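Enquirer: generate a structure from the sequence data that follows.
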Amino acid sequence: MMALAGCGGQTGGGNAGTSGATAGGGGNAGAPKITKVTVGYNPTISLPQALLGVNEGEFKKRIPGVAFSGRVYAGGADVVEALRAGVVDIGYSGPFPPLKAYLKAGDIVLLSGAAQGGIELMVSKTAPFKTVADLKGKVIGVNTLGSTSEAMVRFNLLDAGLNPDKDVRLVRIEPGDQAEALKGGEVAAVAAPAPWPSVVALNGNARPLLNWKQILDNGDYLTGVLFTTKRFAEANPDFIKQFVAAHRAITDGLNADRAKADTRVLAAWSKLTRKTLNPQAAKAAFSTIRLTNEAAQKSFERDMDVALKVGFLRKKADLNGFIYTAP
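Expert: As a prediction, this is how the structure comes out:
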């Protein structure tokens, strides 16, 4: 039998040991109601739903009675581990960490898309590189090892006939340090999600060897997604419906006026990270991002093929169940 959406209160019973989801009173058939939720996310303009939801009170406004707090993580793998440990209840990051987690253990479920595009492979304007194949023997910096950005770089290296583990060396370079690393010759190329490629272009005298559309499928790839543990979703279906609805409402509101929205998102990002963006870099960065709620299974089938090709996965697996369907 199908449950009626929005009928009754939220059910409790979040992740084991979670500090984010606690019991209150009420709920369906005596089940506790969620009163506190912790959101773990990467601090990037590619995840504006998390930025505004946590830091500007958008989640609280749309889901009254629930107190929201946030925890910031450098990479998606850290968000996944925080979910598994019960430190956070909801996660936002690039798609490859939660996809990899699901395919290995089946304990993470996808709730919604958040953003597309934004990743670029940058090189110095004075460098002689014309194609990705020209990077043979060079060092490439990525924002986080195991990230969606690294997966995209590895995929394009393989497509150019290079072995990412033998023909180049991939190292972690913090996004904020990538411009200086490129200028100083520490690396020959860098990759990260927006806004960092635009910052590198401006401060590192750089250009895209692969722009955000050339990275994969003319820009039709997810760089931001919303997810949680299967256990938390199944224990709290009513809350999950409310949260996904809030996420979608934020996305739709931002898309209704991107110029105004981008200014707002940039302000929230700057407040959180205590960093500022040159207006020219900010405008260029936002132009590479598409905000979306879509998360089709065929997109993840493609991502799984990419993950297999680049060595993030050992074998193909069944994706049925990865995209959460509310009862």
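Enquirer: so what's Asn55 up against?
Expert: When contacts are counted by C-beta atoms under 8 Å, 6 or more residues apart in numbering, Asn55 touches Gly70, Ala268, Lys271, Leu272. Heads up, the C-betas are built off the backbone N, CA and C, glycines and all.
Enquirer: and Lys138, by the same measure?
Expert: So Lys138 contacts Val168, Arg169, Val187, Ala188, Ala189 (C-beta under 8 Å, 6+ apart).
Enquirer: before we move on, back to that, widest-spaced pair of the contacts of Asn55?
Expert: With C-beta to C-beta as the measure, no two of the contacts of Asn55 lie farther apart than Gly70 and Lys271, at 12.4 Å.
Enquirer: how about whichever helix in the chain runs longest, which residues are buried there?
Expert: Using DSSP state H to define each element, the chain has its longest helix at helix 237-256. For helix 237-256, a neighbour-count test (16 or more other C-beta atoms under 10 Å) marks 237-244, 246-248, 250-251, 253-254 as buried.
Enquirer: ok, now stretch 212-223?
Expert: Trp212, Ile215, Leu216, Gly219, Tyr221, Leu222, Thr223.
Enquirer: what do you get for stretch 182-191?
Expert: In stretch 182-191, counting by 16+ other C-beta under 10 Å, buried: Leu182, Val187, Ala188, Ala189, Val190, Ala191.
Enquirer: same question, stretch 132-143
Expert: For stretch 132-143, using 16+ other C-beta under 10 Å, the buried residues are Val132, Asp134, Leu135, Lys138, Val139, Ile140, Gly141, Val142, Asn143.
Enquirer: which two of those have the greatest separation?
Expert: It's Asp134 and Asn143 that sit farthest apart of the buried residues of stretch 132-143, by C-beta to C-beta, at 22.0 Å.
Enquirer: tell me which of the contacts of Lys138 fall in strands.
Expert: Here DSSP state E is the test, and those give Arg169, Ala189 as lying in strands.
Enquirer: redo the contacts of Lys138 as CSV? Include distance to Leu83 and pLDDT.
Expert: Putting the contacts of Lys138 into CSV (distance: C-beta to C-beta, whole Å; pLDDT from 0 to 100) gives the following:
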residue, distance to Leu83, pLDDT
Val168, 32, 97
Arg169, 31, 97
Val187, 32, 98
Ala188, 35, 98
Ala189, 32, 98
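Enquirer: closest to Ala74 among the contacts of Lys138?
Expert: Taking C-beta to C-beta as the measure, Ala74 sits nearest to Val187 out of those, at 18.2 Å.
Enquirer: which strand runs longest in the protein?
Expert: Identified as the longest strand of the chain according to DSSP E is strand 108-117.
Enquirer: is it correct that Arg231 falls within a helix?
Expert: Yes: Arg231 forms part of a helix when assessed by DSSP: H, G, I helix; E, B strand; the rest coil.
Enquirer: you'd agree it is up against Asp107?
Expert: Yes: using C-beta atoms under 8 Å, Arg231 is in contact with Asp107, at 7.1 Å.
Enquirer: between those two, point out the one with more neighbours.
Expert: For the pair Arg231 and Asp107, the greater number of neighbours falls to Arg231 (19 against 14), based on other C-beta atoms under 10 Å.
Enquirer: any idea how far that one is from Gly86?
Expert: Arg231 sits at a distance of 10 Å from Gly86 (criterion: C-beta to C-beta, to the nearest Å).
Enquirer: for Asp305, which non-adjacent residue is spatially closest?
Expert: Lys316 (8.0 Å; C-beta to C-beta, 6 or more residues apart in numbering).
Enquirer: if we can go back for a sec, could the buried residues of stretch 182-191 go into TSV alongside distance to Gly311?
Expert: Below are the buried residues of stretch 182-191 laid out as TSV (distance: C-beta to C-beta, whole Å):
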residue	distance to Gly311
Leu182	25
Val187	21
Ala188	21
Ala189	19
Val190	21
Ala191	17
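Enquirer: closest one to Glu56 out of those, please.
Expert: Out of these, the member with the shortest distance to Glu56 (by C-beta to C-beta) is Ala191, at 29.1 Å.
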